[in-house]
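*Asks:* here are the coordinates; sequence isn't available:
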């Protein structure tokens, strides 16, 4: 069994995931000679970083918090979002005593309730189902709807830059259905919920919430459209204040009001909550601070000293890797950008850490990213090198944030340069480790830029991905060894492997020591050049799309027939007729090309498609169609890139361009429907 000992460096390249397809894959497009050589020379595998592998609901993207928690415990640690999802599913959400008492105070005492959080389904910080469930709970409790004010923070960081209109529209539709709530303020995430925002941004957010200071608007839709026309997006939307019928701000925070923060994580809220709750004056003149009764849906560490009520307190945390290691006499060192340094503390929770070995390097401003995509890559590697040369620590954890940030900003070219900057830092990092006799474990907590849509085809998708991340075990004594190709691994395994290298054991860990699974290579590694080539003829390409079009048309027809809302039935019907027209045109092209009709349609119904939801909305129907067209476009591009038949490739490329046109047309329809819903729902 292979064994290596301390020191060990855990280098986390956040946002660097693994995905075989090339479309929108910045990792595949970048030049990464150092990573490629290391991948060939040393044992490696892929780690799952999403869903149940890190204590989240299946299908949820991973995050640094969930990833670090799994590494620290050597097992998935249930996250707040998963607890809330489960509570909504089993109904206990709607009987939560804290929320029921909150509703009682609004109903019986006439208090106003302010809902503050991220209007998004980016999943890392908030979930759409959570705040929509709150509206349903308040309606069921008989709360007067006009006593509920929503302070909407748009995303644009974990969601496409101008997708906020659709999220607001779904919120407006639910507010109209439940007769609960009015949007009182809006702002971009850079002001209300982004660590990179700074105190100046916090001051503007505070001013809008407390003093009604900001861009004035008659409605939420007016505020968003005005911001977009100024060139702003969901991330940068200037704080806007919605006016009531009397011409005054609709919902300023005032003494005696109730405030409920519905994000499942406090990330980005630290400054704003400090300004609202801390007796000490923040770095700006806040005026009179309102006396609020504050509740958070999940537990926020920062809010504990302020006596905040928590609807879902966190479960007790298991002993961390850092705690177990330091008790055993091992030394832990942490280095990261200041804006993400807090998440590293999960590794050392409960440990007596040396402040000199916990460095949070000052983060450059957000706007510097385009000109300096490397950010603090060189500085972080230099600090790791200095600690290795000094023998300062047994475990060094370095968090590299630049690739993930470039992905969140939706900038493919900047992301490519950021990836190449990380690749360049591997050479000095590995050299320093060799000189110190150290092992480097190179991985990440989540993917991002390997699934970043191209800017010239659609709005870039800045969200964390569901893809696995690479893990490299870099030590010259491990050359010639490999991990079994079968079997799935996760970040919990990374934590157990680190513990084994340090000679300690994590209690109740469920992960496995990957070093213990290493075995000699039986044969040279096969070349890993991506997916196999295909031979799809022009006629086969058309037949494939004809079959898909027939399936889609029948699904839309079935959805139209079962829709509870006649308006939704009309939308599905129109989508079905459009699919039929496009399929008939493809059938004519196939007959001209092949000299015979396309294969007869199947009678067993569409394969792999979920049954239509009778409760779907018109916006939901359009959003589903947009997503389907985008997936079809991506598939056609991938097939064209792998196809060896030139005529078939030409047809696949033509079909892809046609799908892209349909996607863009449906996207415009979806945005128009969102605007209509907003106009109906928020005035």
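*Replies:* In hand now; what should we look at? Worth saying up front: this structure is predicted, and the values here are computed from it rather than measured.
*Asks:* go over the secondary structure and confirm residue 186 is in a helix.
*Replies:* No - secondary structure assignment places residue 186 outside any helix; it is strand (DSSP: H, G, I helix; E, B strand; the rest coil).
*Asks:* could you pull out the helices for the stretch 101-250 of the chain?
*Replies:* Counting by DSSP state H, counting those that start in this stretch, the segments of the stretch 101-250 of the chain that form helices are 128-140, 164-178, 189-192, 198-206, 220-229.
*Asks:* do the stretch 451-600 of the chain as well
*Replies:* In the stretch 451-600 of the chain, the helices defined using DSSP H, counting those that start in this stretch lie at 491-502, 538-562, 566-594.
*Asks:* most tightly packed of these?
*Replies:* Ranked by mean neighbour count, the helices of the stretch 451-600 of the chain are led by helix 491-502 with a mean of 26 (mean count of other Cβ atoms under 10 Å). C-betas here are computed from N, CA, C, even on glycine.
*Asks:* how far off centre is that one?
*Replies:* Per Cα atoms, centre = their mean, to the nearest Å, the displacement of helix 491-502 from the mean C-alpha position of its chain is 25 Å.
*Asks:* average pLDDT across it?
*Replies:* Confidence over helix 491-502 (mean pLDDT, whole number) is 96.
*Asks:* just stretch 42-60 next, same as before
*Replies:* On average, the pLDDT along stretch 42-60 is 95.
*Asks:* show me which positions of it end up buried.
*Replies:* 42-51, 53-57, 60 (16 or more other Cβ atoms under 10 Å).
*Asks:* check stretch 98-107 too.
*Replies:* 98-99, 102-103, 105-107.
*Asks:* hang on, the earlier thing: for residue 559, which of the helices of the stretch 101-250 of the chain is the nearest?
*Replies:* Taking Cβ to Cβ as the criterion, residue 559 comes closest to helix 164-178 out of the helices of the stretch 101-250 of the chain, the separation being 18.2 Å.
*Asks:* tell me which residues of that closest one come out buried.
*Replies:* So, applying 16+ other Cβ under 10 Å, buried residues of helix 164-178: 164-175, 178.
*Asks:* repeat that for stretch 12-21.
*Replies:* Taking 16+ other Cβ under 10 Å as the neighbour-count basis, stretch 12-21 is seen to contain the buried residues 12-19, 21.
*Asks:* as CSV, those residues with pLDDT, secondary structure and distance to residue 485 would be great.
*Replies:* What follows is the buried residues of stretch 12-21, written out as CSV (pLDDT from 0 to 100; DSSP: H, G, I helix; E, B strand; the rest coil; distance: Cβ to Cβ, whole Å):
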residue, pLDDT, secondary structure, distance to residue 485
12, 97, strand, 24
13, 97, strand, 23
14, 96, coil, 26
15, 96, strand, 26
16, 97, coil, 21
17, 96, coil, 19
18, 95, coil, 14
19, 92, coil, 18
21, 85, coil, 20
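*Asks:* from those residues, which is closest to residue 451?
*Replies:* When the buried residues of stretch 12-21 are compared for distance to residue 451 (Cβ to Cβ), residue 19 comes out closest, at 5.7 Å.
*Asks:* next one: the closest one from residue 272, what distance?
*Replies:* In this structure, residue 19 and residue 272 are 35 Å apart, going by Cβ to Cβ, to the nearest Å.
*Asks:* same check, this time on residue 473
*Replies:* In this view, residue 473 and residue 272 are 42 Å apart by Cβ to Cβ.
*Asks:* again with residue 563
*Replies:* Using Cβ to Cβ, residue 563 is found at 41 Å from residue 272.
*Asks:* shaky segments in this structure?
*Replies:* The model of the chain has pLDDT under 70 over residues 1-2, 192, 195-197, 453-460, 486, 523-531, 600-609, 677-678, 680-683.
*Asks:* domain map for it?
*Replies:* Listed domain ranges for the chain are 8-75+320-520, 81-312, 538-682 (source: automatic domain parsing).
*Asks:* picking up where we left off before, so which of the buried residues of stretch 42-60 belong to strands?
*Replies:* When those are checked against strands using DSSP state E, the ones located there are 44-48.
*Asks:* can you add distance to residue 413 and give these back as JSON lines?
*Replies:* As requested, these are arranged in JSON lines below (distance: Cβ to Cβ, whole Å):
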{"residue": "44", "distance to residue 413": "28"}
{"residue": "45", "distance to residue 413": "30"}
{"residue": "46", "distance to residue 413": "26"}
{"residue": "47", "distance to residue 413": "28"}
{"residue": "48", "distance to residue 413": "29"}
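*Asks:* which element is residue 628 on?
*Replies:* Remark: residue 628 resides in helix 618-642, with elements defined by DSSP states H and E.
*Asks:* got the buried residues for that helix?
*Replies:* Under 16+ other Cβ under 10 Å, the buried positions of helix 618-642 are 618-626, 628-630, 632-642.
*Asks:* also stretch 141-154?
*Replies:* By neighbour count, and taking 16+ other Cβ under 10 Å as the criterion, the buried residues in stretch 141-154 are 141, 143, 147-154.
*Asks:* next, the angle from the longest helix that the chain contains to helix 618-642.
*Replies:* Once the chain is assigned using DSSP state H, the helix that runs over the most residues is helix 646-682. Counting by axes from the mean of the first three to the mean of the last three Cα atoms, to 10 degrees, helix 646-682 points 160 degrees away from the direction of helix 618-642.
*Asks:* numbering from 674 from now on, please.
*Replies:* Taking 674 as the first residue, the last one we looked at is helix 1319-1355.
*Asks:* got the buried residues for helix 1319-1355?
*Replies:* With burial defined by 16+ other Cβ under 10 Å, the residues of helix 1319-1355 counted as buried are 1321-1322, 1324-1329, 1331-1333, 1335-1337, 1339-1340, 1342-1344, 1346-1348, 1350-1351, 1354-1355.
*Asks:* can you give me the helices in the stretch 924-1073 of the chain?
*Replies:* Under the criterion DSSP H, counting those that start in this stretch, the stretch 924-1073 of the chain carries helices at the ranges 943-950, 994-1000, 1014-1017, 1050-1063.
*Asks:* other SSEs contacting the second one?
*Replies:* In terms of contacts (3 or more Cβ pairs under 8 Å, 6 or more residues apart in numbering; DSSP states H and E), helix 994-1000 is packed against helix 737-746, strand 1005-1010, strand 1068-1073, helix 1164-1175.
*Asks:* residue 1124: which of those is closest?
*Replies:* Evaluated over these, closeness to residue 1124 peaks at helix 737-746, with 16.9 Å, by Cβ to Cβ.
*Asks:* how about residues contacting that closest one?
*Replies:* Outside helix 737-746, the residues that touch it by Cβ atoms under 8 Å, 6 or more residues apart in numbering are 683, 687, 722, 726-729, 749-750, 752, 938, 940, 990-995, 1013, 1016-1017, 1019-1020, 1022, 1072, 1117-1119, 1163-1165, 1167-1168, 1171, 1179, 1181-1182.
*Asks:* cool, and stretch 1075-1089?
*Replies:* Taking contacts as Cβ under 8 Å, 6+ apart, the residues outside stretch 1075-1089 that touch it are 686-689, 697, 699, 702-703, 830-831, 833-834, 908, 1039, 1042-1043, 1046-1050, 1090-1092, 1094-1095, 1119, 1121-1122, 1125, 1127-1128, 1132-1135, 1137.
*Asks:* next one: that stretch to chain centre, how far?
*Replies:* The gap between where stretch 1075-1089 is centred and where its chain is centred comes out at 14 Å by Cα atoms, centre = their mean.
*Asks:* so what's the nearest residue to residue 828 once chain neighbours are set aside up against?
*Replies:* Spatial nearest neighbour of residue 828, chain neighbours left out: residue 793 (3.6 Å); criterion: Cβ to Cβ, 6 or more residues apart in numbering. Under the criterion of Cβ under 8 Å, 6+ apart, the contact partners of residue 793 comprise 799, 801, 827-828, 831-832, 837, 840.
*Asks:* picking that back up, packed most tightly, which of the helices of the stretch 924-1073 of the chain would that be?
*Replies:* Per-stretch averages of neighbours, counted by mean count of other Cβ under 10 Å, single out helix 994-1000 among these, with a mean of 23.
*Asks:* ok, residue 972 to residue 989 distance?
*Replies:* Counting by Cβ to Cβ, the gap from residue 972 to residue 989 is 11 Å.
*Asks:* good, we can wrap up now.
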